[in-house]
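> Predicted model, plus sequence, below.
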Amino acid sequence: MANIKSAAKRAKQAERRRQHNVALRSRMRTAIKKVVNAVAEGDAEKAAASYQEAVPEIDNLAGKGLVHRNKAARHKSRLNRAVRALQG
């Protein structure tokens, strides 16, 4: 553990932020899985609705810098392509 009071505080803050970031990343992954599962089931309506919910989650994390913007764009692109393939 840190010897200096300010270092101990920073360690606590870092751990709190890490836990928060883990939770946000988990929410994004869950949103992505919902779309993937809906596509696998072949339910176009459910897939489209799940995609609409997943996009803001992905964008939110990209805005916070928790995932790179290119990774966010790649996820959205692949999910959108899968959803559109069901509809068309």
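On my side now, so go ahead. Numbers count the residues shown, from 1 in each chain.
> contacts, neighbours, all on C-alpha from now
Will do.
> Give me the residue at the spatial middle of this structure.
Nearest to the mean C-alpha position of the chain, by C-alpha atoms, centre = their mean, lies M28 at 2.2 Å.
> Which strands and helices lie in contact with the one helix or strand Q13 maps to?
Using DSSP states H and E, Q13 maps to helix 5-41. Under the contact definition 3 or more C-alpha pairs under 8 Å, 6 or more residues apart in numbering; DSSP states H and E, helix 5-41 sits against helix 44-64, helix 69-87.
> Let me see the contact set for the residue nearest to the centre of the chain.
A54, E57, I58, L61 (C-alpha atoms under 8 Å, 6 or more residues apart in numbering).
> any idea how far K9 is from it?
For M28, the distance to K9 equals 29 Å [C-alpha to C-alpha, to the nearest Å].
> thinking again about what came up before, identify, from the contacts of M28, the entry nearest to A38.
Of all the contacts of M28, A38 sits closest to A54, with 12.4 Å by C-alpha to C-alpha.
> Would you confirm that A2 contacts R10?
No - at 9.4 Å, A2 and R10 do not qualify as touching, with contact defined as C-alpha atoms under 8 Å.
> what about stretch 18-35, distance to the chain center?
Here the centre of stretch 18-35 is set off from its chain's centre by 5 Å, with C-alpha atoms, centre = their mean, to the nearest Å.
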